[in-house]
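Engineer: Here is a sequence together with a model predicted from it:
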Amino acid sequence: MAEPGFHQDTLPWIVAGAQWAEGLLAQHEMMAALHAGDHGAASEAAARAVERFALAGRATVPDQRKDGVYKEDQIVPVVGGGLFEAFAARAWEVLRAALPGDPSLPLRGLPATATTTLGTYRDHAPELMADGDLSTFFWSDGAPAVGDEVRIDLEESHEITFVRVQMARSDDTAGDQIQHGVLELSADGQSWTEAASTDGSPLLEVTLDAPVATQAARLRVTRKNEGGKWVQVREFALAEEPPEA
Ligand SMILES: [Ca+2]
């Protein structure tokens with residue numbers, strides 16, 4: 001393409017597409033190694049896939065704002081129309097079946113039911129917050145009001161030490177999310193104790209000092225979103241142990 005401006009404008013998507021491809025190829029190697037019974041090679045390939053997917057998930061597209069202010073690195077380049085995420089999620093489940101303790105596996109929260117006071121946009125149903133799949137997400141059909149919440153109820157009470165809420169489309173780029181909220185835990189689903197609050201990041205991760213008997217958790221809106229942003233939640237997970245670093 002003999003058009004330098006076009007190349008420059010599309011470069012973030014070209015680079016992200018290449019990183020996705022490298023990650024998916026590493027997952028392919030991972031599955032081939034599992035098939036051959038070589039767990040060491042599978043684990044090594046899985047770690048490489050995690051690295052490439054993390055690179056592909058970075059915000060590398062600049063944003064020319066309505067106010068005319070140009071900002072670098074504001075938007076995650078979306079490539080593959082969600083198919084790459086779907087393939088990656090399925091490949092991780094193949095690894096989980098063979099090597100459930102592999103550190104590259106995405107954290108899977110304790111079995112839970114997800115609900116919300118918010119309306120649902122299209123088929124982005126609340127249960128997609130707790131299906132262990134980062135490629136699926138709940139999406140509200142409007143901006144949240146003060147007091148709205150997303151909530152999960154565990155199938156049974158657990159002593160938990162770790163909570164992770166993954167909002168918007170990536171862990172490191174703000175988007176549709178609860179901008180101002182408190183994370184609350186409950187032993188009985190009735191009375192609540194504050195455990196943390198949001199800091200503007202789409203990723204809310206909390207490691208508790210000591211295990212807390214928990215039946216339910218919710219992220220409750222305390223102030224309106226700026227810009228009338230809606231809410232996306234890819235996963236809302238509780239775990240007894242934090243994932244390995
Ligand atoms: Ca999900």
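Structural biologist: Alright, I've got the coordinates.
Engineer: pLDDT value on the residue in the chain that the ion sits nearest to, please?
Structural biologist: Residue nearest to the ion within the chain (CB to the ion): Thr136, separated by 3.9 Å. To be clear about C-beta, it is placed using only N, CA and C from the backbone, and glycine gets the same treatment. Listed pLDDT for Thr136 reads 87.
Engineer: Phi and psi next, for Leu99.
Structural biologist: As for Leu99, its main-chain torsions (degrees, to the nearest 10) stand at phi -130, psi 80.
Engineer: what about stretch 191-202, how long is it end to end?
Structural biologist: The first and last residues of stretch 191-202 sit 26 Å apart, counting by CA to CA, to the nearest Å.
Engineer: in it, what counts as buried?
Structural biologist: Of all the residues in stretch 191-202, those buried under the rule 16 or more other CB atoms under 10 Å are 192, 195-196, 198, 202.
Engineer: Dump those residues to CSV, plus distance to Arg218.
Structural biologist: Output for those, formatted as CSV (distance: CB to CB, whole Å):
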residue, distance to Arg218
Trp192, 7
Ala195, 10
Ala196, 12
Thr198, 13
Pro202, 17
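Engineer: for this protein, which spans come out with low pLDDT?
Structural biologist: Residue ranges of the chain with pLDDT under 70: 1, 245.
Engineer: That one against the ion: which residues are in contact?
Structural biologist: Residues of the chain lying close to the ion by CB under 5 Å from the ion are 128, 131, 133, 136, 234-235.
Engineer: among those, which are in strands?
Structural biologist: Among those, the subset assigned to strands under DSSP state E consists of 234-235.
Engineer: how about the residues of the chain next to the ion, which pair is most distant?
Structural biologist: Asp131 and Arg234 (9.6 Å; CB to CB).
Engineer: Can you pick out the residue with more neighbours from those two?
Structural biologist: Arg234 (25 against 19; other CB atoms under 10 Å).
Engineer: So what's the residue count around the residue of the chain closest to the ion?
Structural biologist: 19.
Engineer: correct me, but it touches Val233?
Structural biologist: No - the criterion here is CB atoms under 8 Å, and Thr136 misses it with Val233 at 10.2 Å.
Engineer: Run through the bridge partners of the residue nearest in space to the middle of the chain.
Structural biologist: Nearest to the geometric centre of the chain sits Gln166, at 3.9 Å (CA atoms, centre = their mean). Beta-bridge pairing for Gln166 (DSSP bridges): Leu203, Glu235.
Engineer: so who does it touch?
Structural biologist: Taking CB atoms under 8 Å, 6 or more residues apart in numbering, we find Gln166 in contact with 134, 202-203, 233-237.
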